[in-house]
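# Sequence and predicted model, in that order:
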Amino acid sequence: MKSYLKLIIILLLATGCNSDNQEPVDLKSTCGVENPTEDLGWLKNEIEDRERNVTGLSKYRYIKLGTFNNKAVIIYANCCPTCNSVYPVYNCEGEFIGIIGNRNEDIPFDILSEGEVIWKTNNSECF
């Protein structure tokens, strides 16, 4: 039991440190717009496509605003309990910058635990 407690403490300390000493990105003014889902044309188009193309897995889709390397990013994610997923990540201009969940670990999974959900389907089973 003491080993588990030590491991938990070490993990908490390791994840709580920020070696960059940079200010966190303010998600309220992310990408220089007030409402990214409406004000970023490429993102608005993606959301409209997702709302038109409903499938059985649509209920698991969501889009999240987060940070990577102290820059705002937009993550196309899902909470599908039976899917083996990778999540594409884009910058504010809509340019693909990497993937969460691939073998090369372009972008670490931990960015999914932060940020905020900015869109999900009406029948969402996420959160």
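Alright, I've got the coordinates.
# For Leu40, see how far away the residue nearest to Gly101 when sequence neighbours are not counted is.
Once flanking residues are discounted, Gly101 sits nearest to Val86: 4.1 Å by CB to CB, 6 or more residues apart in numbering. Yep, even glycine has a C-beta here, placed from its N, CA and C like the rest. When distance is defined by CB to CB, to the nearest Å, Val86 is 22 Å away from Leu40.
# so what's the residue nearest to Gly101 up against?
Residues in contact with Val86 (CB atoms under 8 Å, 6 or more residues apart in numbering) are 99-102.
# Now, the residues you listed that are in strands?
In this view, the contacts of Val86 that belong to strands under DSSP state E are 99-100.
# quick one: which of the contacts of Val86 has the most company?
Ile100 (23 neighbours; other CB atoms under 10 Å).
# What residues are bridge-paired with that residue?
Beta bridges link Ile100 to Tyr87, Ile107, judged by DSSP bridges.
# so where's this structure shaky on pLDDT?
Applying pLDDT under 70 to the chain picks out residues 1-29, 103-105.
# which stretches of it form strands?
61-68, 71-78, 87-90, 96-100, 116-120.
# quick one: buried residues of the second one?
It refers to strand 71-78. In terms of neighbour count (16 or more other CB atoms under 10 Å), strand 71-78 has its buried residues at 72-78.
# try the first one
Along strand 61-68, these residues count as buried under the neighbour rule (16+ other CB under 10 Å): 61-68.
# Quick one: list the elements packing against that strand.
helix 41-52, strand 71-78, strand 116-120 (3 or more CB pairs under 8 Å, 6 or more residues apart in numbering; DSSP states H and E).
# Now do that strand against strand 71-78, angle only.
Put simply, strand 61-68 runs at 150 degrees to strand 71-78, going by axes from the mean of the first three to the mean of the last three CA atoms, to 10 degrees.
# which residues sit against strand 61-68?
24-25, 27, 30, 36-37, 43, 46-47, 50, 72-79, 89, 97-98, 107, 111-112, 114-121, 124, 126-127.
# One more: stretch 117-127?
Residues outside stretch 117-127 that contact it (CB under 8 Å, 6+ apart) are 36-37, 47, 50-51, 54, 58-65, 74, 78-79.
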